[in-house]
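In: Structure, please.
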Amino acid sequence: MGTAFLREKVSEMATDKDDHIERPMENHAASISCITSDVLHEILLRLPISSLLRFLRTCHQWRDVIRDSCFVMGHANRAPEHLLLFLPRVDASESHKTASPGRIKIFDEKWSVSTWAASSMDPDDHLFASCNCLLCFYRKYTLKIVNPTTGQSLYLSKPDRKLFRDLYYLYSFGFHPATGEYKLIYFHREPRHGRLSGQPFCFDSIQVYTLGEDRWREIRAPKESCLVNLGVVNVDGAMYWITEEEGTCCGVGVMRFDLRDETFELLRPPPLKACEVTDRPCDAPDLSYHITEVDRKVCLVTVPFSCSSPLWRRYNAEVAGRMDVWMLQSPAEDRWFLRYNIDLPASAPRFVPQPCFIRREKILLHDHDGSAFCRDLQGNGMQTEDCSEVALLNFRPYRYYETQSYLYKETLVPLDVYAGAAIVRSLR
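Out: Predicted coordinates:
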């Protein structure tokens, strides 16, 4: 029996909804028994997630293949990647009479927008990470990890210590493909006297929780580090964020935390053009720095510094003029190259949500009035000032400076196998 025929047979079984067509049960059983696990694995990899959810209830053989960890990751690698826009809750005020709960918008491969069915998100949940379809929400007393595809939720306790101004952006979440482990990261914020408001906070250790274990662990950093409050990205088994660093051309560096070895490494920034003409620290106009992910690569984003907001603010980047996107080509050699050079008119400032805002050669932008746009990028360092913007949606009354965006795909990652000391709930 050929693979093409089997694929057609399984697809036909997935889509046939005509109740009047009767097929003897023994014929179905005979067809299923002829399919080996290896062949079935290859066929099911090519089917959409909606069909796989139905096949979980077909028979033990199919369920075992679909729930196998290798199959789950293989199917996830094939899944289309979307861009997720999170709009945090807006409380009632004089200007906004009624509260608006948090909302999630999804942009598909063609940048068509839809609203995520928020059956797993409570009104006060605040999204802080997305990884392999798992969405991580900050709550007042707990953390919640959700797989919207399967309907499972995992509730975790926060680090067991007194927290100083516990905030959603002190947490992050990542995955290591070699170990298959998911880890939560908490940047423990300690008060530092003498720092002005809006300046970055310092930490000399982080708290790490591996899904499936029963406690948080403390990992000491080799020296005091400083987290910029603009997000953390997870790429190829490591977490990346921006840190202050004396001795670099512009006073910043990129910190890398390996999720397998749980070690820190400082990466030097790219040779920014403002710094190439002199060996001294930059005397060009100040820049703001942001971290993002493009095509599964870490990128450092530079935009002209806006004096209307603190350099180390946690809000979205305001872009009025030139934006450079530098892609990390080789972490071992600190080798970067200019991936995008984007020019936006200074007369019409735009904002980019954090931390992921570029996908499929387009960038997500929005303005003060809550109108969101996408804009074509040409890559390879080419300028994009002549590209037009395409309107996507208007998200008022949500605040333009607090939007967040993440890469997102539908997968079958099970949460019950990572229960450990957590509580697992399912809507299905």
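
In: ranges for the helices of the stretch 251-400 of the chain?
Out: Here the stretch 251-400 of the chain has its helices, by DSSP state H, counting those that start in this stretch, at 273-276.

In: Determine how far stretch 233-243 lies from the middle of the whole chain.
Out: 11 Å (Cα atoms, centre = their mean, to the nearest Å).

In: now that stretch: mean pLDDT?
Out: Across stretch 233-243, pLDDT averages out at 93.

In: in it, what counts as buried?
Out: Going by neighbour count (16 or more other Cβ atoms under 10 Å), the buried part of stretch 233-243 is Val233, Asn234, Val235, Gly237, Ala238, Met239, Tyr240, Trp241, Ile242, Thr243. C-beta: built from backbone N, CA, C; applies to glycine.

In: export these to TSV and tack on secondary structure and distance to Arg139?
Out: Formatted as TSV, these follow (DSSP: H, G, I helix; E, B strand; the rest coil; distance: Cβ to Cβ, whole Å):
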residue	secondary structure	distance to Arg139
Val233	strand	23
Asn234	strand	21
Val235	strand	27
Gly237	coil	27
Ala238	strand	27
Met239	strand	22
Tyr240	strand	26
Trp241	strand	23
Ile242	strand	27
Thr243	strand	28
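
In: out of the residues you listed, who's nearest Thr149?
Out: Thr149 lies nearest to Asn234 out of the buried residues of stretch 233-243, by Cβ to Cβ, at 19.2 Å.

In: per-residue pLDDT, the nearest residue to that closest one once chain neighbours are set aside?
Out: Spatial nearest neighbour of Asn234, chain neighbours left out: Gly174 (3.5 Å); criterion: Cβ to Cβ, 6 or more residues apart in numbering. As predicted, Gly174 sits at a pLDDT of 96.

In: I'd assumed Asn132 was in contact with Gly174.
Out: No - using Cβ atoms under 8 Å, Gly174 makes no contact with Asn132, being 9.9 Å away.

In: Residues in contact with both of these two, list them for me.
Out: Both Gly174 and Asn132 are in contact with Tyr182, where contact means Cβ atoms under 8 Å, 6 or more residues apart in numbering.

In: Report the helix or strand with the lowest average pLDDT across the protein.
Out: Lowest on mean pLDDT, DSSP states H and E among the helices and strands of the chain sits helix 273-276, with a mean of 46.

In: that older thread, what's the local residue count around the residue nearest to Asn234?
Out: 22 (other Cβ atoms under 10 Å).

In: is it true that it lies in a strand?
Out: Yes - the assignment for Gly174 by DSSP: H, G, I helix; E, B strand; the rest coil puts it in a strand.

In: For it, list the residues it contacts.
Out: So Gly174 contacts Ala129, Cys131, Tyr182, Lys183, Ile185, Asn234, Gly237, Ala238, Met239, Leu259 (Cβ under 8 Å, 6+ apart).

In: Okay, and the fifth one sits in which element?
Out: Element membership for Ile185, per DSSP states H and E: strand 181-187.

In: Tell me the first helix or strand C-terminal of that strand.
Out: Taking DSSP H and E, what comes next after strand 181-187 is strand 201-210.

In: how big is the angle separating that following strand from strand 181-187?
Out: 150 degrees (axes from the mean of the first three to the mean of the last three Cα atoms, to 10 degrees).

In: Make sure Thr115 is actually in contact with Ile104.
Out: Yes - taking contacts as Cβ under 8 Å, Thr115 lies within contact range of Ile104: 7.2 Å.

In: neighbour count winner among these two?
Out: More crowded of Thr115 and Ile104, by other Cβ under 10 Å: Ile104, with 22 against 10.

In: Just want the phi and psi numbers for the more buried one.
Out: Per-residue torsions, Ile104: phi -130, psi 130 (degrees, to the nearest 10).

In: same deal with Ser51?
Out: When quoted as degrees, to the nearest 10, the phi and psi of Ser51 stand at phi -70, psi -40.

In: State the distance from it to Asp38.
Out: 19 Å (Cβ to Cβ, to the nearest Å).

In: Same check on His176?
Out: When distance is defined by Cβ to Cβ, His176 is 27 Å away from Asp38.

In: Name the residue in the two with the higher neighbour count.
Out: His176 (18 against 9).

In: wait, doesn't that one sit right on Gly237?
Out: Yes - with contact defined as Cβ under 8 Å, His176 reaches Gly237; the gap is 3.9 Å.
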